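Asks: What follows is a predicted protein model with its sequence.
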Amino acid sequence: MTRSRPAAGGGRLVLVPPERLERWLDNAAGRHGAFADVVADADGVTVTCVDDAVLRLDPPLGWDGPGPTPLARLGAAARSRHRVAVLLVRRGRWAVGVFEGGDLVVSKVDARLVQGRTAAGGWSQQRFARRRGNQTDAVVDHAVETAVRVLGPHVATCVGLATGGDRGLVDEVLADRRLTGLAALRRLEPVEVGEPTKAVLLSTPGSFRAVGGGR
């Protein structure tokens, strides 16, 4: 499904799944008229329509590839089956996986108890806070071990890392020296996710493979 949100400088930011890109462009031409100008640069393509509407499309993982025209090259880049690692972490739950295109190659989803907040105060509150902090540290430690074991063997074949969840916890996981190579692949925009379940993990290619742009 194509998603959009307001852009900082006006207009809309859009995420277009690769399989919908051709239809999305056809619909844009239907709304704005023929494409009067199509200009490619190092990051993607800028399309100017006859009504002066401007469309900007950037594939998330670069766009070197075959195609007689910029838009054909863009489509080929969007459909390419790059390998991408995924790391999702929230308090109490984490998920990792490697995707080839939209297909899951390997994954692991796990959880560990982190107590919820308490209304108690004073010494009890402080003791609870320490316990909760220790539990959160344990989540990070276990997520690190999972990432090392599951993602580590695939780092050399991946072209990017998609992350999601609690950014602070993700940062803590990737700070482990054993994940230096994985952290170096972190050049994709974070994906917006809820609890890192298997279903949520399976949905992430819809975000990290989507062609991003503005209109």
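Replies: Received it, and whenever you're ready, just let me know what you need. What you see is a predicted model; the values in this text were computed from it and never measured. Numbers count the residues shown, from 1 in each chain.
Asks: alpha carbons only for contacts and neighbour counts from here, please
Replies: Fine.
Asks: So, low pLDDT: which residues of this structure?
Replies: By pLDDT under 70, the low-scoring segments of the chain are 1-13, 64-66, 113-137, 213-215.
Asks: can you give me the strands for it?
Replies: Secondary structure of the chain by DSSP state E: the strands cover 3-6, 12-16, 35-40, 45-49, 54-58, 83-90, 93-100, 103-111, 160-165, 211-214.
Asks: out of the ones you listed, deepest packed?
Replies: Most buried of the strands of the chain, by mean neighbour count (mean count of other CA atoms under 10 Å): strand 83-90, with a mean of 26.
Asks: mind listing what that strand pairs with, with the direction of each?
Replies: strand 93-100 (antiparallel), strand 160-165 (parallel) (DSSP bridges).
Asks: Turn the strands of the chain into JSON lines, including distance to residue 28.
Replies: Shown next, in JSON lines, are the strands of the chain (distance: least, CA to CA, whole Å):
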{"stretch": "strand 3-6", "distance to residue 28": "14"}
{"stretch": "strand 12-16", "distance to residue 28": "12"}
{"stretch": "strand 35-40", "distance to residue 28": "9"}
{"stretch": "strand 45-49", "distance to residue 28": "9"}
{"stretch": "strand 54-58", "distance to residue 28": "9"}
{"stretch": "strand 83-90", "distance to residue 28": "29"}
{"stretch": "strand 93-100", "distance to residue 28": "29"}
{"stretch": "strand 103-111", "distance to residue 28": "29"}
{"stretch": "strand 160-165", "distance to residue 28": "29"}
{"stretch": "strand 211-214", "distance to residue 28": "12"}
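Asks: The ones you listed: which one's closest to residue 173?
Replies: Residue 173 sits nearest to strand 83-90 of all those, at 8.6 Å, using CA to CA.
Asks: and the angle for the closest one with strand 103-111?
Replies: Counting by axes from the mean of the first three to the mean of the last three CA atoms, to 10 degrees, strand 83-90 points 20 degrees away from the direction of strand 103-111.
Asks: Which residues does strand 83-90 contact?
Replies: Residues external to strand 83-90 that are found in contact with it (CA atoms under 8 Å, 6 or more residues apart in numbering): 94-101, 143, 147, 151, 155, 157-167, 169-170, 195-196, 201.
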